[in-house]
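*Asks:* prediction below, plus the sequence it came from.
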Amino acid sequence: MITAFVTPPTGRSFGLRLDTLIRLRWLAVSGQIAALVVVNLGLGFPLPLTTCLAVVGLSAVVNVLLRIKYPVARRLGDAAAGPLLAYDVLQLTALLYLTGGLKNPFVLLYLAPVMISATALAWSTTVLLGILAVACAGAVGLWARPLPWVGTDLPVLPDLYLAGIWVSLSVAVGFIGLHAWRVAEEARELADALAATELVLAREQHLTAIDGLAAAAAHELGTPLSTIALVVKEMQRSMGDASPHSEDVALLRDQVNRCRDILQTLTSLRAGDAPFDRMPLALLLEEVVEPHRNFGITIAVSVKDDPQAPVIARNPGLLYGLGNLVENAVDFAASRVDISAQWTPSGLEIVVSDDGPGFAPEVSARIGQPYVTSRARDRQEQDELDGESGLGLGFFIAKTLLERTGANLTFENRAPPATGAVIGIHWPRKALAIEADEHATKGRGLD
């Protein structure tokens, strides 16, 4: 099961590297110093330069202390990164108080800490930072020193206009923060789901490798076992029934025969489970379906009897993806699941359908995305659709693995009055490299 490695999305965060925060603060410090120098020396605007540089210098001191005390590779959680970003909001508030408050065009920099939190920290931390930024913007709107300017004709902005700036800044903090958090959360969900897919595929490949090693071991052990069997047979013939060791030799011969049967079973794995073997389409579908036949649901596989039926290269991703779709169909079916396969010179199509309730309207448009799930049948004693402890990864993993083989998947419901879901998997000719195989008994092959 992959559930031990993946946590469902619940507003979780992966934290921020301390080095990232330090570098961003150095960038802010450099920008603030440059702005102060240009405004004061370049434009000639009067500024409380000493006080402003002291505020900026405090950030530089904080950066140096953090760099000395903690390793740069340290990853900060919400409890540590949140206060550091809150400090950045308060430091910006102090600078704005000294340089005009809401009249200062750099008031838009309140968005920066909120954006950083939205992309890396939990939603609750982002909300608190947003509230702090909005409150600080309102404070400097009410109490701030005059905007630095030259001459006697100082700009006078109406209070209503300043209130509009505060409202627009508040809306921007909320909207941009929510948007950035949602985009980052979707990226995190996709990364988790892809990691789960890789784990599933690695597990299937590991099992396939074990099967291949078992078959190889059985082949290598066949010769010494035959020698042992021959020696035991000669010993039994030379001793006769009157020998006191005849029973021991008979038991030894029975155990040799048992070992031979076991090795023959292992050797049979070579023909069907090696990762590069080719399997007729009907046999591959039967292997996929077989584990799901004991749940009280009729599974009908329809493959026409054709001497040129496709022969497909067997791989774990293909088997797991098809198996997952069949498992979900069995989970929801009322009494029957139908699996049909058709092939043409242009490609191969497999259709999995059931007579259950079909895809729920609220998830039908998002089938195949990670963490999309709905209620499953009580007879399976599951809480969720995909069997992955409710994570909603089943269809995503199946879709991802099958698309890696070049397949295109479609999900839809049967046309009324019929009920049930229909899943189509289509491989185009170029994806499966359909070629006539003159040496294969099955004719046309699909690699």
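*Replies:* Okay, I see it.
*Asks:* mind listing what's buried along stretch 122-141?
*Replies:* Neighbour-count burial for stretch 122-141 flags 122-123, 125-130, 132-134, 136-138, 140-141 (criterion: 16 or more other CB atoms under 10 Å). For the C-beta atoms, the positions are set from N, CA and C on the backbone; glycine is no exception.
*Asks:* next, count neighbours for the closest residue to Leu53 other than its chain neighbours.
*Replies:* Leaving aside its sequence neighbours, Leu53 sits nearest to Leu36 (CB to CB, 6 or more residues apart in numbering; 6.8 Å). Residues lying near Leu36 (other CB atoms under 10 Å) number 22.
*Asks:* then stretch 231-243 to CSV, C-alphas only?
*Replies:* Backbone C-alpha positions of stretch 231-243 (Å, rounded to 0.1, in the frame of the first residue of the first chain) are rendered in CSV as follows:
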residue,chain,number,x,y,z
VAL,A,231,21.5,-41.3,-7.2
VAL,A,232,18.5,-41.9,-5.0
LYS,A,233,16.9,-44.1,-7.5
GLU,A,234,20.1,-46.2,-7.8
MET,A,235,20.3,-46.4,-4.0
GLN,A,236,16.8,-47.7,-3.7
ARG,A,237,17.3,-50.3,-6.4
SER,A,238,20.5,-51.6,-4.8
MET,A,239,19.2,-51.8,-1.2
GLY,A,240,16.0,-53.6,-1.9
ASP,A,241,12.9,-53.6,0.4
ALA,A,242,14.6,-55.6,3.2
SER,A,243,17.2,-52.9,3.9
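*Asks:* so how far is that stretch off the chain centroid?
*Replies:* 64 Å (CA atoms, centre = their mean, to the nearest Å).
*Asks:* and for stretch 95-105?
*Replies:* Relative to its chain's centre, stretch 95-105 lies at 44 Å (CA atoms, centre = their mean).
*Asks:* also stretch 403-416?
*Replies:* Stretch 403-416 has its C-alpha centroid displaced from the chain centroid by 20 Å (CA atoms, centre = their mean).
*Asks:* which strands and helices sit next to the helix ranked longest in the chain?
*Replies:* Counting by DSSP state H, the longest helix found in the chain is helix 159-239. Where contact means 3 or more CB pairs under 8 Å, 6 or more residues apart in numbering; DSSP states H and E, helix 159-239 is packed against helix 111-120, helix 123-142, helix 246-273, helix 316-332, helix 394-404.
*Asks:* outside of stretch 87-98 itself, list whatever touches it.
*Replies:* By CB atoms under 8 Å, 6 or more residues apart in numbering, the surrounding residues in contact with stretch 87-98 are 25, 28, 32, 47-48, 51-52, 55-56, 58-59, 62, 102, 104, 106-107, 109-110, 112-113, 129, 132-133, 136-137, 139-140, 143-145.
*Asks:* let's see 6 Å
*Replies:* For stretch 87-98, contacts defined as CB atoms under 6 Å, 6 or more residues apart in numbering pick out 48, 51-52, 55, 59, 104, 109, 113, 132-133, 136, 140, 144-145.
*Asks:* thinking again about what came up before, if I look at the residue nearest to Leu53, how far off is Trp143?
*Replies:* 21 Å (CB to CB, to the nearest Å).
*Asks:* could you do Met235 as well?
*Replies:* Distance of Met235 to Trp143, computed by CB to CB: 106 Å.
*Asks:* same check on Gln236?
*Replies:* Applying CB to CB, the value for Gln236 to Trp143 is 107 Å.
*Asks:* quick one, which of these two is more surrounded?
*Replies:* Remark: of Gln236 and Trp143, Gln236 carries more neighbours, 17 against 9, as counted by other CB under 10 Å.
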